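>>> Kindly generate the corresponding structure for this input.
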Amino acid sequence: MAFPSTAQQACSPSGPPSPKRMSPRVPFRLSGAAALLALGGCREGVLAPRGPVGSAEVQLLYETAAAMLIVVVPVLALTLIYAWWFRASNTRAVRRPNWDYSGRIEFSIWVIPILVILFLGTLTWTGAHDLDPYRPLRSARRPVTVQVVSLDWKWLFIYPELGIASVNELALPSGTPVNFQLTSGTVMNSFFIPQLGGQIYTMAGMQTRLSLAADKPGTYDGLSAQFSGDGFSDMHFKVLASDQAGFDRWVAQARQAPMTLDTTAYAALALARGTTAVIHYRSVAPDLFRTILAEGAEHPAPQPPGATPTVPPPMPMSPM
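Predicted coordinates for the structure are as follows:
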């Protein structure tokens with residue numbers, strides 16, 4: 001059986017078979033699928049809160065975004081409408097080269113932004129007080145106290161009421177408020193658990209506070225939100241939220257750990273610059289957190305062995 005050649009196909013009345021054209025709806029469907037995939041990926045982070053503080057922050061974010069869209073959407077829509085109406089082919093559009101004032105337009109461009117600013121200012125004022133990180137959360141359950149120390153480049157969590165500690169692993173009972181007391185054993189850093197809400201800085205010789213809670217059991221990500229050196233990008237920790245029985249099991253497991261955290265062990269941990277695996281300490285020296293606070297206020301951050309301490313230059317004297 002003989003098949004027609006390419007030249008015969010090209011010369012035939014019907015011509016070669018034309019390629020199938022893409023439907024104009026395909027790009028829109030692809031863009032819609034991409035948008036759905038992007039929204040489907042919002043299962044973590046600040047847009048997927050798992051605590052009362054995180055939920056309040058997301059609500060505040062939506063309200064402020066909606067208030068700003070009241071101005072942005074009409075401006076964009078009017079820009080397209082004006083460009084379409086005053087096109088060259090539209091004979092109904094009236095050209096007014098000497099026009100210079102409209103009371104209604106003047107009223108709109110002043111009153112609407114003022115109302116938006118007042119609305120945003122009210123949201124900011126009430127949100128700043130309702131979401132004050134130093135304000136304890138109201139709950140019928142007794143809160144858990146956790147003392148946090150940021151190091152290079154790891155997180156130390158001390159449970160003073162339980163007498164245990166951990167590195168790069170934070171356990172807490174779900175539905176129970178957690179009162180954090182935070183400081184730094186080295187440079188300034190930032191403590192952040194996106195799904196639980198709140199972000200607060202840690203500084204040597206100073207103590208900050210933060211109150212959070214997890215609504216339901218789960219494993220959440222915590223991180224450093226402040227650039228602090230070479231290991232900053234790996235300065236993560238896991239938040240293990242469980243029911244009270246699960247939290248009690250974690251405490252019992254930590255109390256079986258072979259290591260204890262005294263001043264000597266803390267000094268070794270602070271000098272070990274770099275990321276560290278999860279470590280549990282079965283006991284903690286009394287008032288270790290206060291000792292770290294005092295050392296940060298009186299002395300510079302610990303230096304690795306063999307490092308030359310940096311001394312700040314003297315302040316220049318201004319001429320009299």
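
>>> For the residue nearest to the spatial centre of the chain, give its distance to Ala48.
By CA atoms, centre = their mean, the chain has its centre lying nearest to Pro194, at 4.5 Å. Separation of Pro194 from Ala48 (CB to CB, to the nearest Å): 8 Å. Every residue, glycine included, has its C-beta placed from N, CA and C.

>>> what's the answer for Arg273, then?
33 Å.

>>> Kindly report the same for Glu57.
12 Å.

>>> ok, those two, which is more surrounded?
Glu57 (20 against 14; other CB atoms under 10 Å).

>>> if I read this right, Gln256 contacts Arg282, doesn't it?
Yes: between Gln256 and Arg282 there is a contact under CB atoms under 8 Å: 6.7 Å.

>>> Tell me which of those two has more neighbours.
Using other CB under 10 Å, the more surrounded residue of Gln256 and Arg282 is Arg282, with 16 against 8.

>>> how near is that one to Ala257?
Distance from Arg282 to Ala257, by CB to CB: 5 Å.

>>> What of Ala93?
If you go by CB to CB, the gap between Ala93 and Ala257 works out to 79 Å.

>>> Which of those two has more residues huddled nearby?
Set Ala93 next to Ala257 and count neighbours by other CB under 10 Å: Ala257 wins out with 16 against 13.

>>> Show me the helices in the stretch 101-250 of the chain, by range?
103-130, 244-254 (DSSP state H, counting those that start in this stretch).

>>> packing partners for the first one?
Judged by 3 or more CB pairs under 8 Å, 6 or more residues apart in numbering; DSSP states H and E, the packing partners of helix 103-130 are helix 52-85.

>>> And the helix it packs on, what's buried?
By 16 or more other CB atoms under 10 Å, the buried positions in helix 52-85 come out as 52-54, 57, 60, 64, 67.

>>> of all the residues you listed, which comes closest to Asp221?
Of all the buried residues of helix 52-85, Asp221 sits closest to Gly54, with 12.7 Å by CB to CB.

>>> quick one: pLDDT of the closest residue to the closest one other than its chain neighbours?
Leaving aside its sequence neighbours, Gly54 sits nearest to Gly197 (CB to CB, 6 or more residues apart in numbering; 3.3 Å). In this model, Gly197 is scored at 90, pLDDT.

>>> I figured Gly197 was touching Gly51, is that so?
Yes: using CB under 8 Å, Gly197 is in contact with Gly51, at 5.7 Å.

>>> tell me, what's touching those two both at once?
Common neighbours of Gly197 and Gly51, using CB atoms under 8 Å, 6 or more residues apart in numbering, are Leu212.

>>> any idea which element Leu269 lies in?
Element membership of Leu269, judged by DSSP states H and E, is helix 263-271.

>>> Export only the CA atoms of that helix, formatted as CSV.
Provided in CSV are the C-alpha atoms of helix 263-271 (Å, rounded to 0.1, in the frame of the first residue of the first chain):
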residue,chain,number,x,y,z
THR,A,263,25.6,26.4,84.6
THR,A,264,28.5,24.3,83.1
ALA,A,265,26.2,22.5,80.7
TYR,A,266,24.6,25.7,79.7
ALA,A,267,28.0,27.3,79.0
ALA,A,268,29.0,24.4,76.8
LEU,A,269,25.6,24.6,75.0
ALA,A,270,26.0,28.3,74.4
LEU,A,271,29.6,28.0,73.1
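
>>> Off-centre distance for it?
30 Å (CA atoms, centre = their mean, to the nearest Å).

>>> Can you point out the buried residues in that helix?
Within helix 263-271, the residues that count as buried by 16+ other CB under 10 Å are 265-266, 269-270.

>>> what about Ala241, distance to Ser108?
The gap separating Ala241 from Ser108 is 49 Å, by CB to CB.

>>> ok, the two, which is more surrounded?
Ala241 (26 against 12).

>>> Contacts only, for that one.
By CB under 8 Å, 6+ apart, the contact set of Ala241 is 50, 171-174, 214, 216-220.

>>> Tabulate these in a markdown table, adding columns for neighbour count.
Output for the contacts of Ala241, formatted as a markdown table (neighbours: other CB atoms under 10 Å):
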| residue | neighbour count |
| --- | --- |
| Arg50 | 22 |
| Ala171 | 23 |
| Leu172 | 23 |
| Pro173 | 22 |
| Ser174 | 19 |
| Ala214 | 25 |
| Lys216 | 11 |
| Pro217 | 15 |
| Gly218 | 13 |
| Thr219 | 9 |
| Tyr220 | 21 |
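
>>> could you dump those to CSV with distance to Leu137 and pLDDT?
CSV is the format used below for the contacts of Ala241 (distance: CB to CB, whole Å; pLDDT from 0 to 100):
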residue, distance to Leu137, pLDDT
Arg50, 14, 94
Ala171, 18, 97
Leu172, 12, 96
Pro173, 13, 96
Ser174, 13, 95
Ala214, 11, 96
Lys216, 16, 91
Pro217, 18, 95
Gly218, 18, 95
Thr219, 21, 95
Tyr220, 17, 96
